[in-house]
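[1] model this:
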Amino acid sequence: MVDPMFPCCRVMPHQQQQCLTSAPHCLASALATSHLIAITLLLSAVPPCCCCCRCCSLVAALQQRLIQCCPAALACLSCSLPLLLPRGGSLRLWRQLGAIVQQQGVHLSASQLCEVLTVVQAADLAVPTLWLKQAMTKIQGSLLKLNLPQSSRALAASVALGYNPPKPWLDTYMQRFRSGLSELNPEGLVDVLRALSTAGVLPSHDWLTDFEKDVGRRFGFIGPVELSSTAFLFANLAHIPSDTWRQRFMSEALKFRVYYTGNEVTQVVWSGVRMGCKPDEQWLEGYVQQMHEQLKNLQAYQIAFTFAALQKLGASFEPAMIDDVLDAYALRLHEAQPSDTALVLVTVARLKHVTSYKWLEDVLDSCQASMLQYDGPELVTLLWSLAQLHHQPGHEWLNIFCEASEGRLAALSGSQLAQLLYGFAQLKWEPPAAWMEGYLRQTQALLAAGDFTGRDAASLLSSLSTLQHTPSEQWLHACLQLLYFKMPELDPEGLASVAISLAKLSVVVGNGQWLESYVSLTLPRLSAMNVETQVNLLSGLAVFGADLPRAWVAAFQLMCVQQAEAGKMTAGQLEQVLVALSSRRVTPSSALCQLYFDKSLPELQHTSQSSIAATLLALQQAGVQPDAHWLEALVGVVRETIRSYSLVELNGVSKALGAFEAGGMKQRWLSDLVAYLKEFFLH
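    Next up is the predicted model:
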């Protein structure tokens, strides 16, 4: 029976396999070459109980016939012999084989040398540079005759062994590469590009542009494999083809969709993302359906990359479709890499899909078991996704996460560090003190070096305020110093969050150059903020004691009046504005006050004592005489709930009402309450 992978080797019946593996080693020299290779395959698959002398005789016999081996046989050896390496005496056998390879190399054909180089590189054999040079020179003479995978393996092996072929060799190879790209599978292409990168001879922009035009002229005549391989090449080299080329690629890829299975589906959609393609709805629906049909044939990493790429391209997924994808991935969790799981979770988070609790817990259990295998960015993605999914994994899981991430903080960028703390803040879970100390030390160094964007620095402050963790003065100084120069790049909400976060942390920024610059930057951005942000911004500035320019105050009040009239502001928000303005000795406009009286009147019965006291004091400090109808209703509420007030609150109410009476509010209901309160505090 012929082995379909290696036609020169014949697969023997089970009884004959047992006979050969247990035969005396003296018979090795009498066996056919194909049988020797078959025994090598068997020995690499069975438990390491065979004796070293048997392996020695096997390799010795193979060494004598190395020149007679066809390329397929040598490729077979390159797959099997590395598996024998951990066994007793195998390293010595490899060295013997390496010596024979060097001696007999001149007698091997170019095709055989390509495979032998793969064996030498797989075993990490030490061979002289001169030998590598001679081997690659011989291969160069047949480059245009060899198939592309053969010559590509030789190139990758040579570079890995420390020898970079000269420019004429590479020029000839690139000529063959251009005409036979579709012969390489994705893994082979990545190996070639890695080798070319190491040798410093990646295809130039001009080469890629010419190749793009060449393929573009042949659209309609090239097959599905060449199409996907070309796209994969461009994607790996970050080459963005023209709009016309990409549109034609999308059209051809849609036509070939039904021919793509397994890895080819992943290759096409991932390449589409990297090339910046913008497929239409028909294209996306077609490939979503193709992925769904191919789920049973996809490996874990293929599911992750295809799912993420389609989401990135703008595909819409039915909830049931997403569940099918996640179920298929769950079946392959045992083979999944950390990057795969992180990619699946972040895609689910971006789609805002509500997963089943069991699925998520199973995935998190898998993550916990292999947490130390995750690199820094993968850990960041993992936590950010959980925060977006609003899933609390529990203290034990998070503590293990902190242990795994603590040693990787130094390798994270400013953006990744900001996302990491954002995840903890959204989960309302503060990491251990030691972790926070290391985290703040690392972020302080990056802040001082200017390695944070303004947005990420603002995010740090926001997350710290959510966790109620006030950093050191040195940290705050580094953060505010960076923000001073990068505040102009912040969007309106991000800019407002700086003051709001600092106020929540009870950090007071005094009047000066920083605060003046901040206030001036907020003025043109006020209208782009939502109502809640506007109100909280004013409250934060009031906490700082900021000197607000007249133009700023006028613009803010006008905006509040317009939004209140449009029904976009609540009575509570208007009250917050009045209190903040009065704390800065600013008199609110009559229109703003009247809107507050009208909106709060129906809600007075449900207003807290502290809120009533604060509002009355604010009106008194601002010198505003309240609406008589509103004040009468409020006095009635105070009378009914007077026993619920604290002494401090009641004292504030008494002073404010007395000021209103002295200011001209002569009403019996007001005078009676003021007199009662005076009597109360007198005694």
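[2] can you list the weak-confidence ranges in this structure?
    1-107, 123, 125, 682-683 (pLDDT under 70).
[3] make it 80
    Scanning the chain for pLDDT under 80 picks out 1-108, 115-116, 119-127, 181-182, 184-191, 193-194, 197-201, 681-683.
[4] Can you tell me the closest non-neighbouring residue to the residue positioned nearest the centre of it?
    In the chain, the residue lying closest to the centroid (CA atoms, centre = their mean) is T381, at 4.5 Å. Nearest non-adjacent residue to T381, counting by CB to CB, 6 or more residues apart in numbering: A342, 4.2 Å away. For every residue, glycine as well, the C-beta is placed using N, CA and C.
[5] Tell me how far the one you found lies from G658.
    Distance of A342 to G658, given as CB to CB, to the nearest Å: 65 Å.
[6] what do you get for A628?
    With distances taken as CB to CB, A628 is found 16 Å from G658.
[7] ditto for S465
    S465 sits 38 Å away from G658 when distances are taken as CB to CB.
[8] Compare neighbour counts for these two and give me the winner.
    Legend: neighbour count by other CB atoms under 10 Å for S465 and G658, higher for S465 (20 against 17).
[9] For the helix or strand containing that one, report the contacting residues that lie outside it.
    Per DSSP states H and E, S465 falls inside helix 454-467. Helix 454-467 is contacted from outside by 414-415, 417-419, 421-422, 424-426, 428, 430, 443, 447, 452, 470-471, 479, 482-483, 486-491, 494-495, 497-498, 500-502, 504-505, using CB atoms under 8 Å, 6 or more residues apart in numbering.
[10] How many residues are close by A160?
    Residues within reach of A160, counting by other CB under 10 Å, total 18.
[11] Once you drop chain neighbours, what's closest to it?
    Q121 (5.0 Å).
[12] Would you mind pulling up the elements that the regular element (helix or strand) spanning that neighbour packs against?
    Q121 belongs to helix 110-122 when assigned by DSSP H and E. Helix 110-122 is packed against helix 71-80, helix 90-104, helix 129-140, helix 148-160, with contacts defined by 3 or more CB pairs under 8 Å, 6 or more residues apart in numbering; DSSP states H and E.
[13] What is the neighbour count of V192?
    Using other CB under 10 Å, V192 is surrounded by 24 other residues.
[14] re earlier: the residue nearest to the centre of the chain and D340 touch, don't they?
    No - look at T381 against D340 with CB atoms under 8 Å: they stay out of range, at 11.3 Å.
[15] Pull the residues that contact the strand or helix carrying M559.
    Following DSSP H and E, one finds M559 within helix 550-565. Applying CB under 8 Å, 6+ apart, the set of residues contacting helix 550-565 from outside is 519, 522-523, 526-527, 531, 534, 538, 569, 574, 577, 581, 586, 588-589, 591-592, 595-596, 599.
[16] 10 Å - rerun?
    With CB atoms under 10 Å, 6 or more residues apart in numbering as the test, helix 550-565 has contacts from 519-520, 522-524, 526-527, 529-531, 534-535, 537-538, 541, 546, 548-549, 568-571, 573-574, 577-578, 580-581, 584, 586-589, 591-592, 594-596, 598-599.
[17] so how far is E565 from the residue nearest to A160?
    On the measure of CB to CB, Q121 and E565 end up 77 Å apart.
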